[in-house]
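S.K.: sequence and predicted structure below; questions after.
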Amino acid sequence: MPQSKEDFLSIIDANKRIIFKICNSYCKNADDREDLAQEVIFQLWRSWSSFNANYKLSTWMYRITLNVAISFYRKERKTTETVLMGDHVIEIADEQIEESLETNLNALQQFINELKPLDKALMILYLEEKPQKEIAEIMGITSTNVATKIGRIKEQLKQKFNNQE
């Protein structure tokens with residue numbers, strides 16, 4: 001746990017990827033992302049006293065960041081219906097394959113954006129290749145529940161792709 005403001009800023013800097021990844025997933029424009037990132041950092045600062053050193057710092061940060069992002073998303077959704085999953089760059093030599101992958105990636109982003117906020121958070125962590133146990137800790141649900149929910153979400157996404165064709 002940080003002892004000073006400088007320690008806190010150092011920890012934030014070392015883990016800023018977590019914050020920016022989630023902010024990019026829940027906000028479509030730069031101003032909203034910046035506002036969300038500031039709110040996340042503020043909430044992390046307020047919550048330092050509740051950090052339990054028996055858990056991984058990244059798990060704790062993911063949990064707080066996702067909770068703040070979901071709350072922000074719910075509040076902002078009243079004024080906008082579009083949320084982006086962030087930018088993904090895939091470099092492939094064959095242009096046809098690249099176009100097909102880009103189309104599928106855009107469709108996947110759209111389908112994930114249509115999920116409920118908690119399901120969306122699960123998929124973000126799943127696509128980050130987080131272990132099931134860590135996802136459970138971050139989301140505050142059982143590991144079995146994570147597996148069940150991810151299986152159902154994957155089935156939903158598969159159906160959406162099938163319906164698209």
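M.R.: Perfect, I can see it now.

S.K.: how far away is residue 69 from residue 156?
M.R.: According to C-beta to C-beta, to the nearest Å, residue 69 stands 21 Å off from residue 156. In short, each C-beta sits where N, CA and C put it, glycine included.

S.K.: pLDDT of the host helix or strand of residue 158, averaged?
M.R.: Residue 158 is part of helix 143-164, with elements assigned from DSSP states H and E. Helix 143-164 carries an average pLDDT of 89.

S.K.: and that helix, how far out from the chain middle?
M.R.: Relative to the centre of its chain, helix 143-164 is centred 17 Å away, using C-alpha atoms, centre = their mean, to the nearest Å.

S.K.: domain assignment for this structure?
M.R.: Taking automatic domain parsing as the domain assignment, the record places the domains of the chain at 1-84, 94-165.

S.K.: let me see the ranges of the helices in the protein.
M.R.: In the chain, helices defined by DSSP state H lie at 5-14, 16-26, 30-47, 57-77, 95-113, 117-127, 132-139, 143-164, listed in chain order.

S.K.: can you get me a residue count around residue 45?
M.R.: By other C-beta atoms under 10 Å, 14 other residues sit near residue 45.

S.K.: nearest residue to it in space, please, no chain neighbours.
M.R.: Distances taken as C-beta to C-beta, 6 or more residues apart in numbering put residue 8 closest to residue 45, at 6.3 Å, once the chain neighbours are dropped.

S.K.: would you agree that neighbour is in contact with residue 47?
M.R.: No. With contacts defined as C-beta atoms under 8 Å, residue 8 does not count as touching residue 47, sitting 11.2 Å away.

S.K.: which neighbours do the two share?
M.R.: Shared contacts of residue 8 and residue 47 (C-beta atoms under 8 Å, 6 or more residues apart in numbering): none.

S.K.: return the helix or strand in this structure with minimum mean pLDDT.
M.R.: Across the helices and strands of the chain, the lowest-confidence element by mean pLDDT, DSSP states H and E is helix 95-113, at a mean of 69.

S.K.: separation between the most centrally placed residue in the chain and residue 117?
M.R.: When C-alpha atoms, centre = their mean is applied to the chain, the residue found nearest the centroid is residue 22 (3.9 Å). Between residue 22 and residue 117 the distance, using C-beta to C-beta, works out to 12 Å.

S.K.: ok, residue 43 next?
M.R.: Distance check for residue 43 against residue 117: by C-beta to C-beta, it reads 17 Å.

S.K.: repeat that for residue 157.
M.R.: Residue 157 sits 16 Å away from residue 117 when distances are taken as C-beta to C-beta.
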